[in-house]
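1. Using only what follows, build the 3D model:
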Amino acid sequence: MKKLFFLTVLFLMATSVFAQERLELKQLGFKMDAPMDWFKIGEKGVEHNLNRLDLTDEQEAAMFKSLNAASKLVSYYKYDPVSIKGIIPTINIAVRATRVKSFANFKMHIERTSSQMKTLFENFITTAPQNVDIDGGKAWITKATYDFKDPAGAIVKLSSEAVYIYKGKYYISINFIEEKGKEDNTLLFNNVIKSIKLTDDPVKE
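-> Numbering: from 1, shown residues only. The predicted model follows:
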């Protein structure tokens, strides 16, 4: 009986730290669970448009243009970014238009982006894109570490894991960032990835 109670408590603890909020972007055919009690920051007007299913081609093109001009669509922070000055575990969701014609060519686009990152951050080290299945759709995952100057001016090492979901004329990126050696949110990040649902027909080639 005590063993059953202990296992039940462990299960409740594991599930209570994750995913009570649901991020849904209907226009992109995308759903994702967000960690419970994390701080969400994003453009509500843009998110509203992404949940409209009656956009014209011109409106959709304008929407992608505005998204490309922004650094990200939605961000989730583990702690209040207003009161915490250090590096905060963060999940960034962005949408970008792309002109590549295939999933294989999309890999080259990711590799070019990684090369550009090496010129922006010191000691930027990344893995080769790994082909993964996300709810039946095609995606790439890359991991990286790099040096970054925190708000106090100290150099810290960050780790990131980025998921790139190819959707044909655009892609969705979900980037998980935290300070290396300070916290380990790997399990939570993996649960977020597992929660992703593609609600339209995913691109499979």
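
2. what is residue 133 paired to in the beta sheet?
-> Taking DSSP bridges as the rule, residue 133 bridges to residue 138.

3. tell me the pLDDT at it?
-> You'll see residue 133 listed with a pLDDT of 91.

4. how about the strands in the chain?
-> 21-25, 30-34, 39-42, 74-77, 90-97, 125-126, 130-134, 137-149, 155-166, 170-179, 197-198 (DSSP state E).

5. JSON lines please, covering these and showing mean neighbour count.
-> From N, CA and C alone the C-beta is placed, and that goes for glycine too. Shown next, in JSON lines, are the strands of the chain (neighbours: other C-beta atoms under 10 Å):
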{"stretch": "strand 21-25", "mean neighbour count": "16"}
{"stretch": "strand 30-34", "mean neighbour count": "20"}
{"stretch": "strand 39-42", "mean neighbour count": "15"}
{"stretch": "strand 74-77", "mean neighbour count": "20"}
{"stretch": "strand 90-97", "mean neighbour count": "20"}
{"stretch": "strand 125-126", "mean neighbour count": "15"}
{"stretch": "strand 130-134", "mean neighbour count": "14"}
{"stretch": "strand 137-149", "mean neighbour count": "18"}
{"stretch": "strand 155-166", "mean neighbour count": "19"}
{"stretch": "strand 170-179", "mean neighbour count": "21"}
{"stretch": "strand 197-198", "mean neighbour count": "18"}
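
6. Mind putting the ones you listed into CSV with distance to residue 110?
-> CSV is the format used below for these (distance: least, C-beta to C-beta, whole Å):
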stretch, distance to residue 110
strand 21-25, 21
strand 30-34, 18
strand 39-42, 23
strand 74-77, 21
strand 90-97, 11
strand 125-126, 10
strand 130-134, 11
strand 137-149, 6
strand 155-166, 6
strand 170-179, 9
strand 197-198, 19
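
7. For residue 106, find the nearest of these.
-> Between residue 106 and the strands of the chain, the tightest spacing by C-beta to C-beta is seen for strand 155-166, at 4.9 Å.

8. Name every strand pairing with the closest one and say which way it goes.
-> Strand 155-166 has these strand partners (DSSP bridges): strand 137-149 (antiparallel), strand 170-179 (antiparallel).

9. Which of those strands sits closest to residue 72?
-> Nearest of the strands paired with strand 155-166 (C-beta to C-beta): strand 170-179, 8.3 Å.
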